[in-house]
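*Asks:* Next one to model:
(3 chains)
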Amino acid sequence: MALTDRTGEGRASLPPWIKTTFLTLGSIAVTMLGLLFVTFIIGRVMPIDPVLAIVGERASQSTYDAVFEELGLDKPLIVQFGYYIWDVLHLDFGTSLLNARPVSEDIARVFPATLELATLGIFFGIVLGVPLGVLAAVRKGSWIDQVARVVALVGYSMPIFWLGLMGLLIFYGILGWVGGPGRVGIFYVDVVPPVTGMILIDALLDRNWDVFKNAFSHIILPAALLGYYSLAYISRMTRSFMLEQLSAEYITTARVKGMSEWDVVWKHAVKNIRVQLITVIALSYATLLEGSVLTEIIFSWPGIGSYITTALLSADMNAVLGGTVVVGLVFILLNIFSDLLYKVFDPRAR
Amino acid sequence: MADQTFREWLVTDTPTSRRHAKLSALYQGWLTFRSNTMAMVGLGILLLLIVVAVAAPILSPHDPFVQDLGNRLAPLGSEGHLLGTDSLGRDILSRLIYGARITLYIVALVALIAPIAGLLVGTVSGYAGGWVDIVLMRITDIFLAFPRLVLALAFVAALGAGIENAVLAISLTAWPPYARIARAETLTIRSSDYIAAIRLQGAGAFRIITRHIWPLCISSLIVRVTLDMAGIILAAAGLGFLGLGAQPPSPEWGAMISEGRRFILDHWWVATMPGLAIFTVSLAFNLLGDGLRDVLDPKAGE
Amino acid sequence: MNAFNRLLTGAAIGLAVSLSSFAANAETPANMLVIANRIDDVTTIDPAESFEFAGSDISRNVYSRLVILDPMDLDAGYKPDLAESWEVSEDGMTITFTMREGVTFHSGNPVRAEDAAFSLQRAVILNKTPAFILTQFGFTPENVTETIRADGNTLILTTDKKYATSFVLNCLTATIGAVVDKETVMANEVDGDMGSEWLRTNSAGSGPYMLDSWRPNESVTLSSFPDYYGGAPEMERVIVRHVQESASQRLLLERGDIDIARNLNPEDVAGASAADGVVISDELKGRLMYLALNQKHPELSKPEVRQAFKYLIDYEGMRDSFLAGQYAIHQNFLPATYLGASDENPFSYDIEKARELLTAAGVDGLEIELGVREAQERIEIAQSFQNAAAQVGIKVNITVGTAKQILARYRARELDVYLGAWGPDYPDPQTNAGTFAYNPDNSDEANATGLLAWRNSWDTGGLTEKVEAAVTEGDRDTRIQMYLDIQSEFRETSPFVIMFQQIEQSAMRENVTNWSTGQAVTNAAYWQVTK
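*Replies:* Okay, the predicted model is just below:
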C-alpha cells in the first residue's frame, strides 16, 4: 500500500505522472527482485534435496550425480541466481523438476482455477458482507448487530479444514445438493474448449449450459466457504467505517434536512467509505488469490496454493519461484490498483 | 468504606498528579471494557485457559501420552473418557488440557516476537525517514507480497519441523503489518509539536523513540495483535495439520485435528474436539480484541 | 431497512433452490471406468525413467512388454506378450526372443524387434533411476549395441554371466521393459536426448490403452486402443482422478460418482463397506514396513540391542487397530507370494524379553532419533514404538519430515532409526535380497546409497556372498532353499525390524468385476475390467 507513497517528493522537472509511473514501476521491480531473491535463497538452503525429488529412493550414485550437474547445482549460488533472473527476464520460468513441464504451462493451468474460486468467493464476501456490515452499523447494539458480530467472529475463528470437511459431508455426502470434490464432474472434463482456463467462463463462451451447471455445483461449496471468511473480515471493517461516517456532522445535517434514512445511509455514508472498502476488499481478494491450501486439498481443487505447497515440499524450486512470482505480482498489482482508486476518489490524497 | 473513597479517587475529574491521571484513565477504560459483556466473556475464557494450562496435571483425568490400542476411538461420554479416545487410545480430554500449554506457549512467543520486530522496524523507519525508510519499507513490502504460507512452510522446512520453528515462521510472516502500523503512527507523532519541544530540550533519537514514540504506538498494536491472535493460532494449527508443527506425541491442537481428520466421517469427535478448543480460544481472543479496540482505539470502534 | 432484510432472505432462498436442482449423478456410464487415486507421485511417464506407483500404473496399461504378467492369472508368472517365444543358449548367457507378428503401435507403426532393442538400449544409455534393473545383467552404454540387438524378427540379449532365466524375464516385466515406438520417439528427439524430454509427458506404446491426457496432481485419462492385438478392452475410457483425502474418496464412491476408491484408510473402508452397492477387494502387495537401526550408532550396533528392538513392536496390537485390514504381520525381507518367501514370524511384543536383552548388552538410558515421513499411519507406528521403548528406558525422539527430507538424511547415514516402507521393483527375490542383505563395500566412500544395508552401515555379516550365489542358481528348488536360509539368518542378525506387509484395499461399486491392482508383483491393470 505504501508502494507509491513517496512518489510525490523530490525535485520536480518532469511531468508528475511520468515520474509517478516511473517510480511505481521501479518499486515493483525492486520488490519483485527481492521476492525472487528471498525465495531463491530459501530454496537453496532448504534441506530438501531437489535431486532426490527427481531420481527417487532407488537411484544409484551415478544417476544422482548426473542429475545434480544437469540442474546446475554444482555452480556457486550467485551464478545460479543470475541464470535464473536472466531466464525470468525472458519470461522463461524453467521446467518443473517434478513433472517435466514448463512451469509457465503449469501456472496457466492452476492459476485460473484459483482465480475462479477466489473471485466467486470474494463476490459472496462482498454481496453479503457489505450489507451485513452496513446493517450492523446502522442498527448498532441491536440483535442484528450482535448476530453480525457473532457471524463474523465465528468466521474468523473456525478452522477451515474442519468446516470444509463437514460441509462436504453434509451438502454433498448426505443431501447431494452440490457436486463433490474436483472442479467439474468426470463426464464434463475436457468438454468445453479451454479459453480462459476458468471452467465457468469457458462454458459460457461455449454456451454449454450443462457444463456450466455442473461446474457451478462443484464450485459453490468451496467458494461459499472462502466467501464466509472474507465476509467475516469485510463485514467487520464495513461496520467500523460506517460508524465513523454515521457520527459525522454532515450526516446529522442531512437528517435534520429531512432526507430519508435510506438515502442518508446509501447515498452519503456508503459512498464515502467506498475508498476504504476497496482497500479492504483488495486485501481480502489478494489473500484468496494466494490460494487457500487447505481448502484446495479438501476439495481436490488444483489451484496455485496446493501447487506451490507440493512444489515446496518436494524442493521443486522452479515451480515455487514461478508460483511466488505470480502470487507476489498479483498482490503488488492489487495494492497499486487500490492506491490508484484512493487517489482518484479521495481528493485529500491527491 | 475505604474502597468507596478509592473509587471516587479513581473517577475524579481533577487528578492531582500525573500518576493519578494515568490510573484514573486506566480505570475509566476498565469500566468501559467491563460494560462490554462479550469482551468480558473473551477475557474469562482466556483466564480459564491459563488456569487449565497451569493446573494441567491436577485437572487431567489421564496421562495424555498413555496408549491403549484396545480402547481406541471410544465415543464421547464413554467410561473414564469424557471426550472419548483418539486413534492410539489416548484420552482426548487430557490431551486437550495439556495442549492448552502449547497453545499458550505459541501465543505468548508470537505475541512477543512479531509486534516487537514490527515496532522496531516501523518506528525506526518512520522516525529516520530518507534512505533508511526506503530500504526498510521495501523489505517490508517484499515480506508482505510473499505468499504467507509459503514463507512459513519454507522456514519450517529449512529449520526442521517443531513447535519453536513453527512459532518463528509464523512471526516471520506476521511482523510486516505491525511495521506498517507503527510507521504510520510514528509519522503522525514525529511531526507533532511536543516531540519538537522534547527535541529542543536536547533528547536524542534513541530516547525519543523508546520513551515517547513507542508508548504511543502500543495501544493500536495491542488491539491488532489480539485480533490477529486467532489467525496465529489457526496458522499454527495449519502447520500442525501439514505435519510441520509440533512433533508427535505432543498434544498440539492442530496436530490433533490432523490426526483425527481421517475419522471425520465415522468418529467425528476425534477431530471436532480439538477443533472446538481452537475455535473457543480464537473466539475469545477476537472478543477481547473487539472490546479492547473500543477502549483503546475509540475512533475505530465507536 | 426492511427492503434490506427482504433482499437478504430472498437471496438465501434463491440460493437454496438453485442448489437443490444440481442433484449428483448416481452412476458412471457403462463403458467408462472412473478411479480415485493419489497420483501426485507421478513425475514422468517415460518408462525408462518412471519409478513410482501411479506412474507405473499408466505404463502398464499403455505399453506392452516382451513378457506380461496376466492380471487374471498372476500366479502363473510371466507369459508371452510382444515376444511370442524365447530360447536360451547352452551357456545360459544368451536369450533369443521371437517377436509376435502383426502388432501395431498406437501410431499405426508395426512393432518390430528393432523397436524392442531400441527401447532396452535407450533405458541403459539414459541411465535413469530404474536403469539398474537392466544394468545388473552387465549391459552398459558402451556395450549395449552388441549385448542387446535385433536380428530380423528376433531380439537377442547377451548377459555378462549365467543368470536364472526366470530372473532375467521377471526383470523384463518391470516398467522399464516397456517397448516404445522408435520412429515416433526419435521423431521427437531434441539434442540427442533419445526423445527423453518428449516421452516424459507423452506416450508411444502398443498397449491396450492410449494416453489421452495426464494433468499432474489432477487426472489421467486413457481411451481404449481399438487395434490392440489382444482385442480392444471393454472399458472404452478410464479416468484416474487425483483425490487426496480418504474421506473425499469415500464420499465420491458412496455417491456413485466414481467406480473405485484406492486410498481409503481402515476406518473409511469399514464405513464404506457398510454402504449400499460397495464392495471391498483385498490384494496382498509387496510393500514392507520396517524399522532400520543405524550400525554407526555404538549402542544400536550391539547384537542384543538389535534383537531387543524386534520385541518392542506391538505387532498384533497395531495390526488389529489402526492398521486393521491394510497390513499383515510379516518379518522377512521377501514379501509373501515371492519365490523363496518365508512365513516364519518368530518375534512378538515382549517388553520383558527386550529388557533382558538390553540389560545383557549393558544398555541403560538410551536416547535416539527416529526419522519418519509425514504419513499418518507411519507416524502412529512410530508413536506406538516410542511408547513401548519408553517402558524399557529408551527415549525415542520422533522427527517428522517430508518424504524427501527424511530420505536424504537416511541416504546420508545420519538417522539413528528410520521408519519406512520398501516395495520390490520386479517380481524376483533378488529385488529385495539385493538391497536388504547385500553390501559389498560398507565404507562411506562406497556411497552405495541405493542399498538399504549400506544406508544402515551394516556389513551383512557374510550374507552378501550368499545373495550373490542365490541369484545365479539355475535350479528352482535349490534357489528357494538358499533364500530361506538367507532370511532365517537375516531375521536374527540384521539391524532391520521388518514388521508388516501391505494389503491394498480397493473399495468399489459392486458392478465392477475383474479389478486387479497387480498384487505383490506388479501394478494395476484396467483392460480386463468389466462392469
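*Asks:* Stretch C:387-403 and chain A, are they touching?
*Replies:* Yes: using C-beta under 8 Å from any C-beta of the partner chain, stretch C:387-403 reaches chain A at C:402-403. Every C-beta, even on glycine, is put in place using the N, C-alpha and C of the backbone.
*Asks:* in that stretch, what's buried?
*Replies:* C:387-389, C:392, C:394, C:396, C:398-403 (16 or more other C-beta atoms under 10 Å in any protein chain shown).
*Asks:* From what I see, B:Ala235 and B:Leu153 are in contact.
*Replies:* No: counting by C-beta atoms under 8 Å, B:Ala235 stays clear of B:Leu153, with 10.8 Å between them.
*Asks:* Can you tell me which residues in the stretch 301-450 of chain C are near chain A?
*Replies:* Counting by C-beta under 8 Å from any C-beta, the stretch 301-450 of chain C sits next to chain A at C:402-405, C:407-409, C:411, C:425, C:447-450.
*Asks:* filter those residues down to the ones close to chain B.
*Replies:* C:402, C:405.
*Asks:* now the helices for the stretch 1-150 of chain C?
*Replies:* C:2-20, C:53-62, C:113-126, C:132-135, C:144-147 (DSSP state H, counting those that start in this stretch).
*Asks:* do the fourth one and chain A meet?
*Replies:* This points to helix C:132-135. Yes: judged by C-beta under 8 Å from any C-beta, helix C:132-135 comes into contact with chain A at C:Phe132.
*Asks:* Tell me who's in contact with the residue nearest to the spatial centre of chain A.
*Replies:* Closest residue to the average C-alpha location of chain A: A:Leu289 at 1.4 Å, with C-alpha atoms, centre = their mean. A:Leu289 sits next to A:114-115, A:118, A:304, A:327, A:330-331, A:334 when contact means C-beta atoms under 8 Å, 6 or more residues apart in numbering or on different chains.
*Asks:* Quick one, which of the residues you listed are buried?
*Replies:* For the contacts of A:Leu289, buried by 16+ other C-beta under 10 Å: A:114-115, A:118, A:304, A:327, A:330-331, A:334.
*Asks:* ok, so of those residues, who is nearest chain C?
*Replies:* The closest of these to chain C turns out to be A:Ile304 (C-beta to the nearest C-beta; 11.7 Å).
*Asks:* Distance of the closest one relative to A:Val293?
*Replies:* Distance, A:Ile304 to A:Val293, by C-beta to C-beta, to the nearest Å: 9 Å.
*Asks:* ditto for B:Tyr194
*Replies:* For B:Tyr194 relative to A:Val293 (C-beta to C-beta), the value is 48 Å.
*Asks:* so which residue of chain B comes closest to chain A?
*Replies:* B:Ser282 (3.5 Å).
*Asks:* Flag every buried residue along the helix or strand harbouring that residue.
*Replies:* Using DSSP states H and E, B:Ser282 maps to helix B:269-296. Buried residues in helix B:269-296, counted by 16+ other C-beta under 10 Å: B:269-279, B:281-296.
*Asks:* For residue 280, which non-adjacent residue is spatially closest?
*Replies:* Chain wasn't specified; assuming chain A. Nearest residue to A:Val280, sequence neighbours excluded (C-beta to C-beta, 6 or more residues apart in numbering or on different chains): A:Met237, at 4.6 Å.
*Asks:* Please refer instead to chain B.
*Replies:* That would be B:Ile45: by C-beta to C-beta, 6+ apart, it lies 6.3 Å from B:Thr280.
*Asks:* what's the one you found sitting at in phi/psi?
*Replies:* The phi/psi pair for B:Ile45 (degrees, to the nearest 10) reads phi -60, psi -40.
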